[in-house]
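Colleague: Mind looking at a prediction? Sequence and model below.
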Protein chains: 2
Amino acid sequence: MSAIPQAFAQKTAELSDEVTRPFPSSRKIYVTGSRPDLRVPMREVTLTPTQTNAGIEENPPIMIYDTSGPYTDPTAHIDLLAGLADLRSPWIQERDDTELLDGPTSAFGRERQSDPKLAHLRFEHIRTPRRAKPGHNVTQMHYARAGIVTPEMEFVAIRENMRLDELRADPRYTKLLRQHRGHSFGASLPETITAEFVRDEIARGRAIIPANINHPELEPMIIGRNFRVKINTNIGNSAVTSGIEEEVEKMVWSARWGGDTLMDLSTGKNIHETREWILRNAPVPIGTVPIYQALEKVDGKPEELTWEMFRDTLIEQAEQGVDYFTIHAGVLLRYVPLTAERLTGIVSRGGSILAKWCLAHHKENFLYTHFGEICEIMKAYDVSFSLGDGLRPGSIADANDAAQFAELETLGELTKFAWEHDVQVMIEGPGHVPLQMIEENVTKELKDCYEAPFYTLGPLITDIAPAYDHITSGIGAANIGWYGTAMLCYVTPKEHLGLPDKQDVRDGIVTYKIAAHGADLAKGLPGAQIRDNALSKARFEFRWEDQFNLSLDPERAREFHDQTMPHESHKVAHFCSMCGPHFCSMKITQDVRDYALAHRLDDVEIALEAGMQEKASEFRKEGAQIYKPV
Amino acid sequence: MSAIPQAFAQKTAELSDEVTRPFPSSRKIYVTGSRPDLRVPMREVTLTPTQTNAGIEENPPIMIYDTSGPYTDPTAHIDLLAGLADLRSPWIQERDDTELLDGPTSAFGRERQSDPKLAHLRFEHIRTPRRAKPGHNVTQMHYARAGIVTPEMEFVAIRENMRLDELRADPRYTKLLRQHRGHSFGASLPETITAEFVRDEIARGRAIIPANINHPELEPMIIGRNFRVKINTNIGNSAVTSGIEEEVEKMVWSARWGGDTLMDLSTGKNIHETREWILRNAPVPIGTVPIYQALEKVDGKPEELTWEMFRDTLIEQAEQGVDYFTIHAGVLLRYVPLTAERLTGIVSRGGSILAKWCLAHHKENFLYTHFGEICEIMKAYDVSFSLGDGLRPGSIADANDAAQFAELETLGELTKFAWEHDVQVMIEGPGHVPLQMIEENVTKELKDCYEAPFYTLGPLITDIAPAYDHITSGIGAANIGWYGTAMLCYVTPKEHLGLPDKQDVRDGIVTYKIAAHGADLAKGLPGAQIRDNALSKARFEFRWEDQFNLSLDPERAREFHDQTMPHESHKVAHFCSMCGPHFCSMKITQDVRDYALAHRLDDVEIALEAGMQEKASEFRKEGAQIYKPV
């Protein structure tokens, strides 16, 4: 313990205070599956009753998909120095197809573990890595194709459902369950998600559960077009700024606000140690771009990269527990000149590294030529592919061009290849794309990559708003999610300008939760509208606290209300600052409704009972006067 | 002058300092039309040259559509106490179809003008109101239908073009003018906008120029589907908070950041005087909802509203110079019960007032029954209709329902009626609508309202993000703008929670500028992509200052960059904080490009000269090695 620097120990204490605070009127519940150690976390928001003229009407609690892990569970003991509990270890061990290694098998992993100079940075309780027994394949896809429903699959089925079947059977939810029909662009969203449906989607490659056997701390989640749209957040230090403590804090922060997965994109010093700290404390899947670290190992000179050291890096990270790797195997030598006349060339870091390597050696991309060997590593730990879009457009001018689409086609070939190894795959996408060209990206990805989950950055629909690129990209993200993207990679306000701080991360996440939820609603995801309905009912009934508590960011909603109406009494006021106490449209509407109910006239009742649409035009034709004197 | 409170005089001085500061590297230019007093303002952003291996390459200046009025012109003398210059007075007088009145003709206007208790609040230089001579119609639509191209029409034609013809003839802009083909959903966007095109669009009712003859200070702008998508901002005090000074400041602030029009939605005291201050200093069209003030006059009791006092309010405001009125004439008695079973009833303030009036009197909406008389007032001052959507949905649950669409159909009937009087019309729209149901709103509006310009609030695509509703609605706004909405009414982060402060206004505006510009790009508005291309080029070439200066919010972009990289030297650094100095994808890409150019190999040249798309697949088939040793 003495090896842990004092600064970090203090940070840990600070985290507990700031990040573990439960959301208001919320409690963490666990839905138990077919075995007692399969406990699926959800957040339940308790609401206040509605006071009507007729008496008190209960408002039932609302379930919220919860990515925050044990951090928001007041009964959980959080100690960043010890890491989270390893929930999945029994499931992994029971499968009896893995073995504990003596220690890291990568040269770099061994070197870092034995370097005394790193003792002060190192996570203390490093777990001995695990690997598939020789001849075994431990991917979720492999099990799925063998017809096995793993605990991970059952976990995500329960998690995706959010107790929807129970709510359907409960009359208190009947009105809240009203939802508009979606337009799904061909997605197949079942009324209820079964573990068997999950298995089938994974077997077909239409969804993935990123869950490395060396990351047993994670709460399984699924990425696929026929499930809730997910969001990824990026953090990472660089040579210029940011340290380990800050990155761990950002990870917990990201999970708190709703990040479903997280990529550690560090490019600075101590990448290995930072990653260990993040993984051991992460309830969400962690992704990386291994080529970033490989580049560090050759002092930033792409031409010095070799397959051997890259391979060592993959094993190093796989044994730490990274759940998915971005691999830019589609940046082929022959595509590089297609970018020369672009407005903004190659903007993907990975893409530019590999382009430079290809040109320097006059050789094909070594990730492409060694793709089979990479698959062997992936399946020994169940690391999922996130096939990188190294040639994604960096400006709307370059959107949907030959380079981008040529690479996408190659990613399709690689998907097929990976699936022959039962390795899970998702496909990365752009970038910068104007609104009218977004749908083509999804259509082409679904076709060329055989419906492998699409995972897109934004896209930004215009280039002219640096400092607001969470918004330029959030617009693109909502649309691309609607069309069929399975996971949206967030963008913060600092994109293009600097490294995000915690508030930027929060802004980016909430923006992307909006985009993802907007896409779910648009696709018609069953149950998606419950939260909207409950919040709007609270708003209409002036239940301010409930409105705050049901929102994506209860703290900021309350803070904004406080700025105009600071007094506690205002939180129960039947008016708001927009109109003031003497005039309020919502109050008037309630009067209208009371009036309509009080009069109970035939025409009104007819209008209400018959479908509204037809009746409205009928009234118009008749020109009838609805309200006759009582 | 002594009547002006000291606090306000100080505020004026403060405004000059804070709001009149020109944007960085920008200068106000004026393009003169067919007469010397027709000077159309634009903002020209000067860029730094690109330093290449081959030498210096000039980057030509970029034109930006400028709504900020004289406030950002350092040569203009700004005095809020005196108001802006009355640019349009000669044009109005020359038409010789109006007459100067002796003073306000409304009872309320006279009362307020002669009340000594209001002297300290009153704008000093009130202009005598003007009205159409008996038997005359002074609307832009009336002139347009008579085949007359007014200076206002010529002004907006020049303004919309943004010197595009000149740029097309200038080889420095050739690359910057590259643009993707749009998908316009039936909009007809000409390559060059002529004054005759403007006249024709106005004559057909597909566009409006809101320009009251009593608001000669405004710089004319056009609202129509075949022009740039515009944005409206709302300000207004209420009984709870905010005073005159704050509202005038917000108006100037709104124009500064790009608000094309502004609605004064005040509901508190001194509405009349606040409006005068705003109008006399407003370079943009001002809209109001007269029923709000009418309600004030009857102490907030809707049932006491009468046609006579409402008529007096219309005249009062028309003679002050309000450019468009929201009139909720489509809230018919028979539609009211259609809202009773809604989740959130009637959320429009105007809608709820009129619903209550209808029910209280068992009579049809007096705005509907007196619509012809309202038209007579509108055409005497050229006030445009903004036909209000009093039954718009206040939650996504209520989107596109019978009440909303029944009202929309009535707005269509009223549009036809107004057009018989040659009165300009736009149609207000929702509200809260999930993504998949937005397009239907536009399609129905275009059909039912005969392509009258659509003017929508948001719509918000989900209800669950109070404190982020600029974003939930910005997503909807970008989409509805793309489908054909002519003007987007902004929403600030404080929507549903409180009154916006200046920063909220800025956030709301920039978000809506993104949405409007995203829609322009998606529709394929000629020239829309120049700014994106110029900014992306600057970004790619590490011209940080140019990147900031071309952005929608140069100040915040710079501020964010400063947070990570505070030193001035970083603004010329060929790296950024995201990757650090040793590794930069943009730098690598430039190396790739240099390499490709240096080698000038046949295959590369073939690839570049032929269409990329075909060549890419050809290369794939051949599996050829592109780069041979020199």
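Modeller: Noted; the coordinates are in hand. Numbers count the residues shown, from 1 in each chain, chains lettered A, B, ... in the order given.

Colleague: measure the residue nearest to the spatial centre of chain A to A:Val19 for me?
Modeller: Among the residues of chain A, the one closest to the centroid is A:Ile231, at 2.5 Å (CA atoms, centre = their mean). The gap separating A:Ile231 from A:Val19 is 18 Å, by CB to CB, to the nearest Å. For glycine as for every other residue, the C-beta is placed from the backbone atoms N, C-alpha and C.

Colleague: pretty sure the residue nearest to the centre of chain A is in a helix, no?
Modeller: No: A:Ile231 is assigned strand when assessed by DSSP: H, G, I helix; E, B strand; the rest coil, not a helix.

Colleague: my guess is it contacts A:Thr511, does it?
Modeller: No: A:Ile231 is not in contact with A:Thr511 according to CB atoms under 8 Å; the separation is 9.3 Å.

Colleague: Show me the common contact partners of those two, please.
Modeller: Common neighbours of A:Ile231 and A:Thr511, counting by CB atoms under 8 Å, 6 or more residues apart in numbering or on different chains, are A:Tyr490.

Colleague: Return the backbone torsion pair for the residue lying closest to A:Arg88 once chain neighbours are set aside.
Modeller: Once flanking residues are discounted, A:Arg88 sits nearest to A:Pro216: 4.0 Å by CB to CB, 6 or more residues apart in numbering or on different chains. Dihedral angles of A:Pro216 (phi, psi; degrees, to the nearest 10) stand at phi -70, psi -10.

Colleague: What is the burial count for A:Pro216?
Modeller: Number of residues near A:Pro216 (other CB atoms under 10 Å in any protein chain shown) recorded here: 20.

Colleague: residue contacts, it?
Modeller: The contact partners of A:Pro216, by CB under 8 Å, 6+ apart, come to A:86-89, A:92, A:127, A:321.

Colleague: what number of residues lie near A:Pro134?
Modeller: When neighbours are defined as other CB under 10 Å, A:Pro134 has 7 of them.

Colleague: backbone phi and psi for it, please?
Modeller: Per-residue torsions, A:Pro134: phi -50, psi 130 (degrees, to the nearest 10).

Colleague: residues touching A:Val31, list them.
Modeller: By CB under 8 Å, 6+ apart, the neighbours of A:Val31 are A:39-40, A:42, A:158, A:163.

Colleague: Show me which pair in those residues is furthest apart.
Modeller: A:Arg39 and A:Arg163 (13.7 Å; CB to CB).

Colleague: any idea where the strands of the stretch 401-550 of chain A begin and end?
Modeller: Applying DSSP state E, counting those that start in this stretch to the stretch 401-550 of chain A gives strands spanning A:425-429, A:454-457, A:487-489.

Colleague: returning to what we had before: find the residue closest to the residue nearest to the centre of chain A in space, skipping its chain neighbours.
Modeller: Nearest one to A:Ile231, counting by CB to CB, 6+ apart, is A:Tyr512 at 4.2 Å.

Colleague: how close does A:Lys297 get to A:Ala107?
Modeller: For A:Lys297, the distance to A:Ala107 - CB to CB - is 10 Å.

Colleague: Against which helices or strands is the longest helix seen in chain A packed?
Modeller: If you go by DSSP state H, chain A has its longest helix at helix A:502-523. Applying 3 or more CB pairs under 8 Å, 6 or more residues apart in numbering or on different chains; DSSP states H and E, one finds that helix A:502-523 contacts strand A:230-235, helix A:244-257, helix A:469-483, strand A:487-489, helix B:469-483.

Colleague: List, one by one, the residues from the stretch 201-350 of chain A near chain B.
Modeller: A:238-241, A:267-268, A:295, A:299-300, A:302, A:333-341, A:343-349 (CB under 8 Å from any CB of the partner chain).

Colleague: Quick one: end-to-end length of stretch A:58-75, please.
Modeller: Stretch A:58-75 has its terminal residues 28 Å apart, counting by CA to CA, to the nearest Å.

Colleague: Looking at that stretch now, give me its mean pLDDT.
Modeller: Across stretch A:58-75, pLDDT averages out at 95.

Colleague: secondary structure class for A:Phe385?
Modeller: When classified by three-state DSSP, A:Phe385 comes out as strand.

Colleague: residues near the residue nearest to it when sequence neighbours are not counted, how many?
Modeller: Leaving out its chain neighbours, the residue that sits closest to A:Phe385 by CB to CB, 6+ apart is A:Val425, at 4.5 Å. By the criterion of other CB under 10 Å, A:Val425 has 27 neighbours.

Colleague: I'd say A:Val425 and A:Val383 touch.
Modeller: No: applying CB under 8 Å, one finds A:Val425 not in contact with A:Val383, separated by 11.0 Å.

Colleague: Please work out which residue of the stretch 1-150 of chain A is closest to chain B.
Modeller: Among the residues of the stretch 1-150 of chain A, A:Ile64 lies closest to chain B, at 9.6 Å counting by CB to the nearest CB.

Colleague: element containing that residue, please.
Modeller: Using DSSP states H and E, A:Ile64 sits within strand A:62-65.

Colleague: what's next to whichever helix or strand comes after that strand, contact-wise?
Modeller: Sequence order places helix A:89-95 as the next helix or strand after strand A:62-65, per DSSP H and E. Helix A:89-95 is contacted from outside by A:37, A:98, A:130, A:138, A:143, A:150-152, A:213, A:216, using CB under 8 Å, 6+ apart.

Colleague: can you check stretch A:194-207 too?
Modeller: The contact list for stretch A:194-207 (CB under 8 Å, 6+ apart) reads A:140-141, A:143-145, A:147-149, A:153-154, A:156-157, A:160, A:190, A:208-209, A:222-227, A:415, A:419, A:424-425, A:450-453, A:486.

Colleague: buried stuff in that stretch?
Modeller: A:195, A:197-207 (16 or more other CB atoms under 10 Å in any protein chain shown).

Colleague: Could you do stretch A:28-48 as well?
Modeller: Buried-residue list, stretch A:28-48, by 16+ other CB under 10 Å: A:28-29, A:31, A:33, A:38, A:40-43, A:45, A:47-48.

Colleague: got it, and stretch A:407-418?
Modeller: Neighbour counts over stretch A:407-418 (16+ other CB under 10 Å) mark A:407-415, A:417-418 as buried.
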